[in-house]
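**Student:** The sequence isn't on hand, but the structure is:
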């Protein structure tokens, strides 16, 4: 299914709210561009540097949408899409996706075929993989809450078979292991710049926790931050190691020491975010029904496929 959907759908004020003096200098455009609107619950933005396009999920409408940076045109990338949620790119720039409806994590090859990376743990179906990141060693880490099986809204109503909502790792040779099992509803996740830490949001608890990464294992899990407005969902880092987390009122920005530095206020509840553009200084936000972007004075952390700077 192809076709051009609604293009640029207006603007909204970009309101930066300082909470700490270290937020000085973190700014950007005075207006948020609303690149597209018309979704039910949009999620999982990922930017392709090679293609200069943004993909995101419209979960209840079971489709992945594509925005072209050069033309601002929006089209259907995939439909049906397995009620996909989170996406990322792997070390070879291939799309890795969490599919609520199919209860699996997949990789889209460069020639278009879809490869299943994980669908069962210990012979039992996963719940509904939610968000995913790839480490520079090629391993795939993802969260598995139950939002896609709670009802038919974001997938298909079903039962939890794995004993709870956990965090998993797929090794480069395809072995699936459970790396964290003490979450209520694990959601967004992101590695620190040197990949020695893994930040994981618990969207039911409204918290962000931080783990020490030791090869294929996690330890620690201390509380890093509590969301002061709504819940944490998606998270990303910038090149200074600051953590940008989605929340009900926009995006909250944290120093690596856990201090809330400031906020970017957005008119819709933000579900997730990613950096893009040729300089990785364009922030893309999926927020309830719409996709927003603005250029900022900071740069997003590089992905596992790109330069390390």
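**Tutor:** Perfect, thanks for sending it. Values in this document were obtained by computation on a predicted structure and should not be read as measured data.
**Student:** Look up how far residue 27 lies from residue 33.
**Tutor:** Between residue 33 and residue 27 the computed distance is 16 Å (Cβ to Cβ, to the nearest Å). Placement of C-beta: from N, CA and C, glycine included.
**Student:** Which one's more surrounded, those two?
**Tutor:** Between residue 33 and residue 27, counted using other Cβ atoms under 10 Å, residue 33 has the larger neighbour count: 20 against 16.
**Student:** contacting residues around that one?
**Tutor:** Counting by Cβ atoms under 8 Å, 6 or more residues apart in numbering, residue 33 makes contact with 8, 11, 292-294.
**Student:** Can you classify it by secondary structure?
**Tutor:** strand (DSSP: H, G, I helix; E, B strand; the rest coil).
**Student:** check which helix or strand covers the residue lying closest to residue 118 once chain neighbours are set aside.
**Tutor:** Nearest non-adjacent residue to residue 118, counting by Cβ to Cβ, 6 or more residues apart in numbering: residue 105, 4.5 Å away. Assessed by DSSP states H and E, residue 105 sits inside strand 104-108.
**Student:** Show me what the residue nearest to residue 118 is bridged to.
**Tutor:** Beta-bridge partners for residue 105, by DSSP bridges, are residue 98, residue 118.
**Student:** so it touches residue 97, yeah?
**Tutor:** Yes: look at residue 105 against residue 97 with Cβ atoms under 8 Å: they come within range, at 7.1 Å.
**Student:** Name the residues contacting each of the two.
**Tutor:** Shared contacts of residue 105 and residue 97, counting by Cβ under 8 Å, 6+ apart, come down to residue 132.
**Student:** What are the contacting residues of the strand holding residue 105?
**Tutor:** Applying Cβ under 8 Å, 6+ apart, the contact partners of strand 104-108 are 82, 90, 94-99, 114-119, 126, 129, 132, 140, 142, 170.
**Student:** Show me what the top strand by length along the chain pairs with in its sheet, parallel or antiparallel.
**Tutor:** Using DSSP state E to define each element, the chain has its longest strand at strand 217-226. Using DSSP bridges, the strands paired with strand 217-226 in its sheet are strand 207-214 (antiparallel).
**Student:** What's the mean pLDDT across the partner strand?
**Tutor:** For strand 207-214, mean pLDDT rounds to 98.
**Student:** ok, and for it, which residues are buried?
**Tutor:** By 16 or more other Cβ atoms under 10 Å, the buried positions in strand 207-214 come out as 207-211, 213.
**Student:** just stretch 160-171 next, same as before
**Tutor:** Here stretch 160-171 shows 160, 162, 164-170 as buried, counting by 16+ other Cβ under 10 Å.
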